[in-house]
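>>> Predicted model follows, preceded by the sequence.
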Amino acid sequence: MARIGISSGNKRATHKAPVEMQMIGRWAKVYLENEVFDFKEHSSLHFPANKTHSIEAISDFKMLLIK
């Protein structure tokens, strides 16, 4: 498990993760391959392994990654 915080207006660089992950957190835009998800509090999103993704914090954003 990992906990990550991103300040409002900041974006994590596009990258790939070698494992599948489940994300829970607050408000952000999630870019997964060619799709964009408006991720809001009390949501959950599955990240398949080795898929390009990035995250843009709309508000101060904290997420919990569950491998």
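Received the coordinates, thanks.

>>> The protein: strands as residue ranges?
Along the chain, the stretches classed as strands by DSSP state E are 2-6, 11-15, 21-25, 28-32, 35-39, 43-47, 53-57, 61-66.

>>> Now render the ones you listed as CSV, adding mean neighbour count and mean pLDDT.
Yep, even glycine has a C-beta here, placed from its N, CA and C like the rest. Shown next, in CSV, are the strands of the chain (neighbours: other C-beta atoms under 10 Å; pLDDT from 0 to 100):
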stretch, mean neighbour count, mean pLDDT
strand 2-6, 13, 85
strand 11-15, 11, 93
strand 21-25, 18, 71
strand 28-32, 19, 91
strand 35-39, 13, 90
strand 43-47, 14, 79
strand 53-57, 19, 92
strand 61-66, 17, 79
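
>>> In contact with the spatially most central residue of the chain, which residues?
Most central in the chain under C-alpha atoms, centre = their mean is Ile55, positioned 4.9 Å from the mean C-alpha point. Counting by C-beta atoms under 8 Å, 6 or more residues apart in numbering, Ile55 makes contact with Ile6, Lys11, Arg12, Ala28, Lys29, Val30, Tyr31, Phe39, Phe61, Met63.

>>> What residues does the residue nearest to Val36 when sequence neighbours are not counted make contact with?
Distances taken as C-beta to C-beta, 6 or more residues apart in numbering place Lys29 nearest to Val36, at 6.0 Å, with adjacent residues excluded. Lys29 makes contact with Val36, Phe37, Asp38, Phe39, Ile55, Glu56, Ile58, according to C-beta under 8 Å, 6+ apart.
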